[in-house]
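K.L.:
using only what follows, build the 3D model:
(2 chains)
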Amino acid sequence: MRTENQKAWFFVLPVLALVAFNALVPMMTVVNYSVQETFGNNQFFWEGLGWFEQILRSDRFQAALGRQFLFTALILLIEVPLGIIVALSMPRKGFWVPVCLVLMALPMLIPWNVVGSMWNIFTLPKIGLLGYFLNDVLGINYDMTQQPLSAWITVIVMDVWHWTSLVVLLCYAGLVSIPDAYYQAAKIDGASPWSVFRYIQLPKMKTVLTIAVLLRFMDSFNIYTEPFVLTGGGPGNSTTLLSIDLVKIALGQFDLGPAAAMSLIYFAITLLVSWVFYTLMTKDDAQ
Amino acid sequence: MALIKLSNLRHSYMPAPKGPEDYALKEIDVTWRDGGAYALLGPSGCGKSTLLNIISGLLTPSEGQILFDDRDVTALPPDQRNIAQVFQFPVIYDTMTVGENLAFPLKNRGVDAATIKRRVDEIAEMLDVTDMLGTRASGLSPDNKQKISMGRGLVRDDVNAVMFDEPLTVIDPHLKWKLRSKLKELHQRVKATMIYVTHDQTEALTFADEVVVMQEGEVVQIGTPVELFERPQHTFVGHFIGSPGMNVLPCEAKGDRAIFEGHEVMLEGPTHGDGGRTDLGIRPEYVGFGDTGIPAHVTKVADIGRHYVISAMVGNTALKAVTEHSVPEPGSQVFLQFKPEQSRVYRDGWIATQERAQ
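P.N.:
Numbers count the residues shown, from 1 in each chain, chains lettered A, B, ... in the order given. All right, here's what the predicted structure looks like:
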């Protein structure tokens, strides 16, 4: 007979308590709201899955979800390849390495709402440097407060400016860990630059790239502050992403039930897509 | 296949080298016979990897020329020299199968599929990896990975030379021996020039027909393992090869004799040259014991299995002797006899006695 000592579980208790208070309890509150209706005074009426159905069927939610997927897809399609290209062209040795690293890290050190304000002021027509330059010097009709397309472009460019560095730094870390012998062997084997990228650099960057894609997916899918400060979700609803819509419902209209249901749906989608990404990207390693 | 000739080769990693101490390689002139098995032996940092990278084209020398069959290849990149190189750590293309790894150098050179398949099968059979051809290369053990990187070098049949840069460093000791004999066997089968860089004398002496010994960017001696052992041209070779290394004892030279701690020692022949630091070089294997000779005081006796290593003091100089029987006691007084034909004088490190005509 094997005797097992179960005392070790006691050591996990503090962590469990901490997680319960900062994650599980608030989350359960949301679950609680999502299945009930309240008019204040601590009076609750059972609603079942009604809010979920209402949210999923609403055009407003579907439109916001569509915009959210479009936004995240564009962000990943631009930032991941761009990040890889920038990382590949960064120097591996010498004086310029720290200079490049600091320059790359700078955008990420700026608080999110400051980034939003910066780009707002920068791009406003007439006032902003870029807005003025585009309209009055180049003669391009650009106004992110009036035109949905201009607003989208600005939001995307802002996020690329803010977060490509993350992909760059992660890829760069992967690249510098490749021993010189790999490049030398490739030279001797007569490999083309594309083969070197395809068979040496990309495989060696894969682990960090998985992390980069996951982080960029989650962050861009949950993005709130920067577009909120920059466009406030406008013009109209054109840049109202899921989180902006959620806050409008929860704090603007104070519809706690639907907002709670939407939060849970939102969370489930984020979790599901992250899982799909992770499974796809680590599929080969399992063999 | 080609005769490889290095002439007046010098290399410095500094942009503007001044004195000889700035050079990683100083004046190298070596000819590598077509189909030979060579070892490049020397301590870490002596420039052997630099020399290897210059031959393969990964480095361009500061001065001098590299000739392949009288064709100057000094400025050519590695892929145009038809050189193969195996590195210290096995280089494997992780995402490819073993077969694809072996085919890669041929594919890059636009060889047709049928030839690729034939060559890959041939090499796989030689390396005993035929049953692994379809598996992903990333999961292999280090020795198999190193075999695959060797295979990538051998798969081209027009290869001029295969270079090995300390290829057994990461291999387990019991597999080192197996891989080394595999290498020897491969050399006999493919007949390509092989240059094997190592700091391990056993590896060098078992692999090579000829050993090039380097020290501080200079070639000190080129010779067969027997020549290196029997007649070192430099005290460094004497000391580096052999276990224990050659005794290097300060002395004075006088004709065909050396005066060592006041005792006269017969040499292999007359000395030449003048001045400089003079040393008497004799291998411990050729120091014998007798009833007469140079009096010495035994300080230590070490049993290392096949024979005993005796440490002794002659005056204020320590030396070693190797013997298989008649072992003296530590602390005892003995008489040493130096074999004359194995006793030589070195001036500033270089040999300064002439061999007597036999």
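
K.L.:
how close does B:S49 sit to B:T202?
P.N.:
Taking CB to CB, to the nearest Å as the criterion, B:S49 is separated from B:T202 by 19 Å. In short, each C-beta sits where N, CA and C put it, glycine included.

K.L.:
tell me which of these two has more neighbours.
P.N.:
Neighbours per residue (other CB atoms under 10 Å in any protein chain shown) separate B:S49 from B:T202, with B:S49 holding more: 21 against 12.

K.L.:
is the helix or strand in which that one is found anywhere near chain A?
P.N.:
Secondary structure from DSSP states H and E places B:S49 in helix B:48-56. Yes: judged by CB under 8 Å from any CB of the partner chain, helix B:48-56 comes into contact with chain A at B:N53, B:S56.

K.L.:
tell me which other helices or strands that helix touches.
P.N.:
strand B:4-11, strand B:25-32, strand B:37-41, strand B:83-86, strand B:161-165, strand B:193-198 (3 or more CB pairs under 8 Å, 6 or more residues apart in numbering or on different chains; DSSP states H and E).

K.L.:
any idea which of these is most buried?
P.N.:
Burial among the helices and strands packed on helix B:48-56, expressed as mean neighbours by mean count of other CB atoms under 10 Å in any protein chain shown, is greatest for strand B:83-86, which shows a mean of 28.

K.L.:
partner strands of it, parallel or antiparallel?
P.N.:
Each strand paired with strand B:83-86, and its direction, by DSSP bridges: strand B:161-165 (parallel).

K.L.:
closest to B:L336 out of the helices and strands packed on helix B:48-56?
P.N.:
Between B:L336 and the helices and strands packed on helix B:48-56, the tightest spacing by CB to CB is seen for strand B:37-41, at 29.9 Å.

K.L.:
that closest one pairs with which strands?
P.N.:
Short version: by DSSP bridges, strand B:37-41 pairs with strand B:193-198 (parallel), strand B:210-215 (parallel).

K.L.:
can I get those in a markdown table with mean pLDDT?
P.N.:
As requested, the strands paired with strand B:37-41 are arranged in a markdown table below (pLDDT from 0 to 100):
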| stretch | mean pLDDT |
| --- | --- |
| strand B:193-198 | 89 |
| strand B:210-215 | 89 |
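
K.L.:
turn those into JSON lines, columns for distance to B:V309.
P.N.:
Listed next are these as JSON lines, based on distance: least, CB to CB, whole Å:
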{"stretch": "strand B:193-198", "distance to B:V309": "24"}
{"stretch": "strand B:210-215", "distance to B:V309": "23"}
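
K.L.:
show me what the strand or helix carrying B:V219 is packed up against.
P.N.:
Taking DSSP H and E as the criterion, B:V219 maps to strand B:218-223. Other elements packing on strand B:218-223 under the criterion 3+ CB pairs under 8 Å, 6+ apart are strand B:25-32, strand B:210-215, helix B:235-240.

K.L.:
stretch B:279-293 spans what distance, first to last residue?
P.N.:
Between the opening and closing residues of stretch B:279-293 we find a distance of 19 Å, counting by CA to CA, to the nearest Å.

K.L.:
what does it contact?
P.N.:
Taking contacts as CB atoms under 8 Å, 6 or more residues apart in numbering or on different chains, the residues outside stretch B:279-293 that touch it are B:229, B:232, B:235, B:238, B:242, B:244, B:246-251, B:258, B:260, B:265, B:309, B:319-323, B:326, B:328, B:334-339, B:342-346, B:349, B:351.

K.L.:
if any of those residues are buried, give me the PyMOL selection for them.
P.N.:
In PyMOL syntax, the buried subset of the contacts of stretch B:279-293 is picked out as below (16 or more other CB atoms under 10 Å in any protein chain shown):
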select buried, chain B and resi 229+232+235+238+242+244+246+247+248+249+251+258+260+265+309+319+320+321+322+323+328+334+336+337+338+342+343+344+345+346+349+351
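
K.L.:
among the contacts of stretch B:279-293, which are located in strands?
P.N.:
Within the contacts of stretch B:279-293, residues falling in strands by DSSP state E are B:247-250, B:258, B:260, B:265, B:309, B:319-323, B:334-338, B:344-346, B:351.
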